[in-house]
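> build me a model from this:
(chains A and B)
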Amino acid sequence: MSERPIQFYFRGEIHAVQGAAPTRTLLQYLREDLHQTGTKEGCAEGDCGACTVVVGELAGEPGREELRLRAVNACIQFLPALDGKALFTVEDLAPAAADLHPVQQALVDRHGSQCGFCTPGFAMSLFALYENRDSCPPRDEIDHTLSGNLCRCTGYRPIVDAARDAYALPRRPLDRQPVIAALRQLAALPPLDYVADGRRSHSPRTLAELAALRLRLPEARLVAGGTDVGLWVTKQGRDLGELILLGAVDELKRIRVGDGQLEIGAGVTLTDAFAALTAFEPQWAELARRFASTPVKNAGTLGGNVANGSPIGDSMPALIALGATIVLQRGETTRTLALEDFYLDYQKTALQPGEFVRALRLDAPPAPLVRHFRAWKVAKRLDQDISAVAAGFAVHLDADQVVRRARLAFGGMAATPKRAAAAEAALLGRPWSPATIRLGMAALREDYAPFTDVRASSAYRLSVAANLLQRFWLETAPAGASTVTPLRLAELAPIDPEARQ
Amino acid sequence: MSHAETPAGLVGRPLPHESARLHVSGRASYIDDLPEPAGTLHAAPGLSGIARGRIRRLDLSAVRAHPGVRCVITAADIPGENNCGPILHDDPIIAGDEIQFHGQVIFAVAADTRDAARQAVRLAKVEYDVATPILDMDAAIAAESWVLPPFAMQRGEVDAAFAGAPHRLAGRAVLGGQEHFYLEGQISFAQPRDDDSLHLLCSTQHPTEMQQLVAHALGWRSHQVSVECRRMGGGFGGKESQSAQWACLAAILAVNTGKPVKMRLDRDDDMVATGKRHGFQYAWESAFDDRGRLLGLKLEMASNCGFSADLSGPVNDRTICHIDNAYYLDALALKSLRCKTNTVSNTAFRGFGGPQGMFVIENVLDDIARHLGCDPLAVRRANFYDVEPGARSTTPYGMVVTDNVAPALVAELAADCDYAARRAAIAEFNATSPVLKRGIALTPVKFGISFNATHYNQAGALVHVYTDGTVLVSHGGTEMGQGLYTKIRQIVADEFGLPFADVRLASTDTSRVANTSATAASSGTDLNGKAAQNACRNIKARLAAFIGELSTLTVDPEKVEFSGGQVRAGAFAMPFGELAMAAYRARIQLWDAGFYKTPKIHFDPVSKLGRPFFYFAYGAACCEVAIDTLTGESRVLRADLLHDAGRSINPALDIGQVEGGFIQGMGWLTSEELWWRPDGKLMSHAPSTYKIPTASDLPAIFNVRLYANANAEDSIHRSKAVGEPPFMLALAVFQALRDAVGAALPAGRPVRLDAPATPEAILRALNPGEAA
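Presented below is the predicted three-dimensional model:
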């Protein structure tokens, strides 16, 4: 690694950053240092999307890489995370006010802006969608694209309409070749070892480099997507000390599927991780849809979500229910732990000094048993909300419909994501039936004494946890045992583009 | 969108927002985007860490020593009056020794960078003597803690009505407040100028009040301070009175240091330290006949005003003026409590107390319908004011309703959205669906237009015609996204017969138009549009007289036409620009001021009687929802809105207000929950913890139309104000949720649902008597 400026592709050339502290956010840099004020600050915590920018990276086989463009929140991206990437802001979309990009023109035509403050962020989310989809996607995908952008004026309808209308205007794709050429040029630079303002950050490129650095700097702060750590700076003013950024380690970004096993590297973004999880087990879909927002999923990693050990991290209950193991590495040594054993106490994990999370692994269910699996989150809002209760359930039944294995895990119910030992015991060895489920529901009160906070009361959490078990039964009951339909609100709210006109 | 008449000029056309191209390209400048003069300092407030008590010791030495810090001020450093309260002077800019809420400003810092200022405030060492805070309305009522005295009134023969009524019901409800969540947070940029004067660039709905409060804080007079606002990134009432505190702090720091000072609040500080919509709680008793017609209503309502009066008096008065909504109340006994609590001072928010009044009457009628086993819409219709002024036309505040279109509008919507058939289909669905339940409701809106405080109903404008025929307009209204500038441009362009591009608006500035009213109460276009029109007409009259002098023809000034960029009178025709130049050379005044005051209105704030409103805006919404009885989660499946914007000046902007207001109201009643820790700290202080609607919450089926209905009063182009009224269309969402909850309860069981109807509130309503 060598000391050099942060370099990224910006405004048609390779842009170098020197002197800005490693924890300076991209948004601060754009607005305060470059006076590029089209990108706005609404919350400085990655929740409103006024700061949405699009980041480009090379993805795919070496030599045949493609440009992958994704929307992220500039307000919680540290500058070194941009190294080697391409950055697009709202100013790139329309070099002249008279010559708007189709997503911008559609926003004007549909009256998609009122106060206009959130609008550049929406334009950038729509630009990412426009670049990633050649033709207009269905409404749900548009909603999901916009899940990280808040608008307080319009009520969203004109913005959703503009997303569609942009495709009816003459197509105007980004000229990708100069970007790809610049990114290849950047890839040839040595790994970034950045020093400024008395602070240092390291961006290793290989697993071996990372492992060595981690051993040498056990106190350094590991930063993956920064979607949580970013707030420690913007909201708490914490000094993070020396940083090790994981984003440049390609080996951590691998997803391996085979032999009935799925392994997701710790650096895989939540967007890619959920795609892999849903392909592996379709019941991930609803949780994947509701988890965070598109820009947060584009930046954040599954490894980071798991490693930071939040009691309400939404991915962990489902992973635990499926018996996920976590792969930890220290130096050249790796070890695996059952994910539930990784969490020791509130925001305390089994990570040893010098150790880091390398991957998560899931195994397919044992063949002779029938497995039922569901994962849900319950929150005040459909999209981009932290759950009051997150749940992951897996039961394995034998040919006689008797529960042979049960893994029930919850988030939001204790200081860590935690299995419901008593409820699991209540199910084991019993027939998969309403009576058994009632035993499990009752046993939850032995498993948890949840807290009351801004998201929900203790009593609500207990009720919902039990009711989700009830739903689990209703959805997986053997044919004839339950005729209750529909069971999910999503079934009643069909997203039909035609119906809205 | 349907609109009855095709306009000849620009008024009536669905033009895009005049800044739309700037918005979408990031070129629209908000205060924080403006270039900073050299030496600009950045300010941050230091906030209290307790809700109630006294500061025993405030040690700011580490704050002052932090690198980059240039100035630190406390209450003792305020040269003038330490108050930013708009009506009562009970709102300190910086708290002295006494702390009244968690997050109150106790000092402020100016530093070279924003980061330095924010880091510095964290270094304060504060010791408190902590007192037990009053955090909710029950505690305030028990302690008789008021910001303003309780108000009681009685209309009609209440006791007799109750004695003779065939039915009576009692009910209660709790209604949460609401955070504005304007996307652009509070910001003020104070720039000292020579000779003891100061120019403020602010995101504010009320430049004049800010000018006065800043002058008072500095110990100056009004003509030393000017306040300018080109656009806000949203306001919604949150920048009416409560933008002033940040301007005062920036101004004091700027005068102290002699440097420009920008104060931009961090989102969390903004949400903690600025007021919100008032939460309410209600207890009522209704008396009614067999078809659900109200015979009498006894209502006690309390509002959480927070620690100071702010605008709570007028807000609560508007609540009183809207408990009738569209319904005639024959006999009413009312008590209104204005609770003082140790929470942030609550303030204006779209609807200004009106929604809180209409919320309760809709619950009252819904309960009656459920009790009688009637369709709630039938009960609502039975209670409407008379269409033609008659026996059932006088409001509780003594105004006769003469423009009632609620019955016709509701009938049109009910037919359009197939209300009756869908209600039957929903009942059928619910009979076989134990887990998911659906509900439907159709509710009307009648909202009074004008400030209750009569003197606010005035406006001024200044119109400049330049010698090339272009026009620059200044007026007292502020642009917060609602499209006021667009509508004014349309109005002025049409007056002169010019294309849209030939008219521009200058930023709103107290040095161009004085003594402005807040851009609030939906009144922006009504007041400023008329004022601008009057200014134009003054200039046109002079030009018409001038044409008479120019032309050998005899010109009737009344018959001069301004259209298509030409000025015509009989055989005379000249391009507007040429005429302007000719008039200038002839020494004709080409600029003028216009003034407007709303006619016919008067209101006695003591008796709460009069005609506070020039007219009413109407609307109705039909909403269909579904709830999940296992989790309490809900969705709005379909919404049909029909809204009366009069003869719309810009149907696209008006539809935007209708849709945006509805979704904002839906958020208020569903997902937006304010939650305080037992020590008084607000924990829903950021978008991570306070959930306004997102795109996914938009109903899958969303039909929105304007109702063709020219204003019966002589408003600007017979349009109607549209900023606030549609907010209350969202009451249909809440009533539909009550309907769905009722479907899950045993028949006839009363529904007790509190707002916001979060999943937890719905689950609690589904399991009355249980802990959750």
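> can we go C-alpha only for contacts and neighbour counts from here?
OK.
> give me the residue from the stretch 51-200 of chain A nearest chain B.
As assessed by CA to the nearest CA, chain B sits closest to residue A:115 within the stretch 51-200 of chain A, at 3.4 Å.
> what sits against that residue?
A:153, B:23, B:231, B:232, B:233, B:234, B:479, B:480, B:481, B:482 (CA atoms under 8 Å, 6 or more residues apart in numbering or on different chains).
> what's the closest of those residues to residue B:489?
Of all the contacts of residue A:115, residue B:479 has the smallest distance to residue B:489: 12.4 Å, by CA to CA.
> which regions of chain A lie under the pLDDT threshold?
A:1, A:493-501 (pLDDT under 70).
> how many other residues sit next to residue A:402?
A count of nearby residues for residue A:402, using other CA atoms under 10 Å in any protein chain shown, gives 18.
> tell me what it is bridged to.
residue A:431 (DSSP bridges).
> how about whichever residue of the stretch 301-450 of chain A sits closest to chain B: what's its closest non-neighbour residue?
As assessed by CA to the nearest CA, chain B sits closest to residue A:380 within the stretch 301-450 of chain A, at 5.5 Å. In space, and not counting its chain neighbours, residue A:380 is closest to residue B:671: 5.5 Å by CA to CA, 6 or more residues apart in numbering or on different chains.
> domain assignment for the chain?
Since no chain was named, I'll use chain A. A:2-91+A:176-245, A:102-168, A:273-501 (automatic domain parsing).
> actually chain B
Here the domain parsing of chain B from automatic domain parsing is B:20-27+B:458-597, B:36-132+B:186-232+B:239-273, B:280-452+B:604-766.
> would CSV of those with mean neighbour count and mean pLDDT be doable?
Output for the domains of chain B, formatted as CSV (neighbours: other CA atoms under 10 Å in any protein chain shown; pLDDT from 0 to 100):
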stretch, mean neighbour count, mean pLDDT
domain B:20-27+B:458-597, 21, 95
domain B:36-132+B:186-232+B:239-273, 22, 98
domain B:280-452+B:604-766, 23, 97
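> okay if I get these as CSV plus distance to residue A:207?
Putting those into CSV (distance: least, CA to CA, whole Å) gives the following:
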stretch, distance to residue A:207
domain B:20-27+B:458-597, 40
domain B:36-132+B:186-232+B:239-273, 35
domain B:280-452+B:604-766, 33
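> isn't residue A:223 up against residue A:242?
No - with contact defined as CA atoms under 8 Å, residue A:223 does not count as touching residue A:242 (10.4 Å).
> residue B:423 and chain A, how far apart?
Going from residue B:423 to chain A by CA to the nearest CA, to the nearest Å gives 16 Å.
> tell me the secondary structure at that residue.
Here residue B:423 is recorded as helix under DSSP: H, G, I helix; E, B strand; the rest coil.
> which residues does it contact?
With CA under 8 Å, 6+ apart, residue B:423 has these contacts: B:439, B:440.
> now residue A:295
So residue A:295 contacts A:52, A:70, A:71, A:72, A:73, A:148 (CA under 8 Å, 6+ apart).
> please apply the same query to residue B:676.
So residue B:676 contacts A:454, B:682, B:683, B:684 (CA under 8 Å, 6+ apart).
> same question, residue B:197
Contact analysis of residue B:197 by CA under 8 Å, 6+ apart lists B:224, B:225.
> check the one 5 residues further on too.
Residue B:202 sits next to B:31, B:187, B:188, B:189, B:227, B:228, B:229, B:247 when contact means CA under 8 Å, 6+ apart.
> among the residues you listed, which are located in strands?
Counted as lying in strands by DSSP state E, out of the contacts of residue B:202, are B:187, B:188, B:189, B:227, B:228, B:229.
> the third one touches residue B:200, doesn't it?
Read that as residue B:189. Yes - applying CA under 8 Å as the test, residue B:189 and residue B:200 come out as touching, 5.6 Å apart.
> okay, and the common contacts of these two?
Residues touching both residue B:189 and residue B:200 by CA under 8 Å, 6+ apart: residue B:247.
> identify the farthest-apart pair in the contacts of residue B:676.
Pairwise distances across the contacts of residue B:676 peak at 9.0 Å for A:454 and B:682 (criterion: CA to CA).
> overlap in contacts, the two.
Listed contacts common to residue A:454 and residue B:682 are B:675, B:676; contacts here mean CA under 8 Å, 6+ apart.
> quick revisit: what separates the residue of the stretch 51-200 of chain A closest to chain B from residue A:23, distance-wise?
The gap separating residue A:115 from residue A:23 is 31 Å, by CA to CA, to the nearest Å.
> over to residue A:87?
Using CA to CA, residue A:87 is found at 18 Å from residue A:23.
> more neighbours: which of those two?
residue A:23 (27 against 24).
> tell me how far that one lies from residue A:383.
Remark: distance between residue A:23 and residue A:383 (CA to CA) = 28 Å.
> near chain B, which residues of the stretch 251-400 of chain A are found?
Within reach of chain B by CA under 8 Å from any CA of the partner chain, the stretch 251-400 of chain A has these residues: A:378, A:379, A:380, A:381, A:382, A:383, A:385, A:386.
> now with 6 Å?
Within the stretch 251-400 of chain A, the residues that sit near chain B (CA under 6 Å from any CA of the partner chain) are residue A:380.
> what segments of the stretch 251-400 of chain A are helices?
A:270-280, A:285-290, A:294-299, A:302-307, A:316-321, A:339-342 (DSSP state H, counting those that start in this stretch).
> ok, which of the contacts of residue A:295 also contact chain B?
By CA under 6 Å from any CA, no member of the contacts of residue A:295 lies near chain B.
> tell me which helix or strand residue B:214 sits in.
helix B:207-218 (DSSP states H and E).
> okay, and the nearest residue to residue B:529 once chain neighbours are set aside sits in which element?
Leaving aside its sequence neighbours, residue B:529 sits nearest to residue B:488 (CA to CA, 6+ apart; 5.7 Å). Element membership for residue B:488 (DSSP H and E) is helix B:484-496.
> packing partners of that helix?
Here helix B:484-496 touches no other helix or strand, going by 3 or more CA pairs under 6 Å, 6 or more residues apart in numbering or on different chains; DSSP states H and E.
> residues in contact with the closest residue to chain A within chain B?
Of all residues in chain B, residue B:481 sits closest to chain A, at 3.4 Å by CA to the nearest CA. By CA atoms under 6 Å, 6 or more residues apart in numbering or on different chains, the residues touching residue B:481 are A:114, A:115.
> can you list phi and psi of residue B:175 for me?
phi -130, psi 120 (degrees, to the nearest 10).
> for it, the count of nearby residues, please.
Counted by other CA under 10 Å, the residues lying close to residue B:175 total 21.
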